[in-house]
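Enquirer: how does the following fold in three dimensions:
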Amino acid sequence: MQYDAIILAGGESSSELKKIAPYDNEALIIIGNYPMIYYVYQALRQTPAIRNIVISGPSEALRNIFAGQDRLFFVNGGQNVIESFSHGVELLREKGITEQILIMPSDIPFITPEAINDFIKQAEQYDAEFYYPVTQKEVNEACFPGVGRTYVRLKDGIFTGGNLFILRSDLYDQVLEIAFKLVERRKNPLAMAKLFGFSLVWKYFIRCLNIEAVEKRFYQILGIKGKAIISPYAEVGVDVDKPSDLELAQKYLAGVER
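Expert: This is a model prediction of the structure:
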């Protein structure tokens, strides 16, 4: 199966990041030899299932980075992540959109083709309409010892949320807002649980909540089949949004050629 992909590159750098990397847009922060978004783009481009790639962000600056790339398109980002995604989908519809869209932010420079491909292949084993990766704490700690992440203790294990997801394209209008609420709240377990109702909040506090219960509640609320994919790759979850993350990225990606 082929997928189109959207990279959301409109995010402004945090005030803390700007102190050590003076860029207004975090996608343009230089890590090692390249802007941060370049690592994300290259991982996508090296994933066999990816067809068109749309980057939603500061188009003029981004075009200068990616001159001459095939099947790569640019749209200006919106006032928020929802608008930025909408602009990307509108462009893909003009190109003839695929059945599935892969969406990811520009601040995950550790992402690899192997991690993306594994997520896609696992998702294709299930009959769902929305897919979201999670990784176990031990996987993250083994790959990036001491990295700061927010974890949720479930009956299935201790997990952190990922930074990409797959959405069936014909459901775009129906799930847009809820999809991004999930991403925005992924670092706040209580806010995530509230999104699905207080019964889940209670189950979370008494440590009876599991992944299957969240998936069922997702369907009850939206009528859409959601599926959490347990990824063996820590790279899907580690983003760069604070100085310690940037220092980690500089350490791991210095000298990398892509």
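Enquirer: which residues of the stretch 151-258 of the chain score low on pLDDT?
Expert: Applying pLDDT under 70 to the stretch 151-258 of the chain flags residues 175-206, 255-258.
Enquirer: change it to 90
Expert: 151-153, 155, 161, 168-210, 213-224, 237-258 (pLDDT under 90).
Enquirer: mind listing the helices for it?
Expert: Remark: helices assigned in the stretch 151-258 of the chain by DSSP state H, counting those that start in this stretch are 172-184, 189-195, 198-205, 211-222, 243-253.
Enquirer: for Ala123, give me its contacts.
Expert: Tyr131, Ile166, Lys227, Ile229 (CB atoms under 8 Å, 6 or more residues apart in numbering). From N, CA and C alone the C-beta is placed, and that goes for glycine too.
Enquirer: possible to save the residues you listed as CSV with neighbour count and distance to Gly78?
Expert: Formatted as CSV, those follow (neighbours: other CB atoms under 10 Å; distance: CB to CB, whole Å):
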residue, neighbour count, distance to Gly78
Tyr131, 24, 24
Ile166, 24, 21
Lys227, 19, 28
Ile229, 22, 28
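Enquirer: nearest to Ser86 among the residues you listed?
Expert: Closest to Ser86 out of those is Ile166 (17.4 Å), distances taken as CB to CB.
Enquirer: now do the SS call for the closest residue to the closest one other than its chain neighbours.
Expert: Excluding its sequence neighbours, the residue lying closest to Ile166 (CB to CB, 6 or more residues apart in numbering) is Tyr131, at 4.2 Å. Put simply, Tyr131 is strand when judged by DSSP: H, G, I helix; E, B strand; the rest coil.
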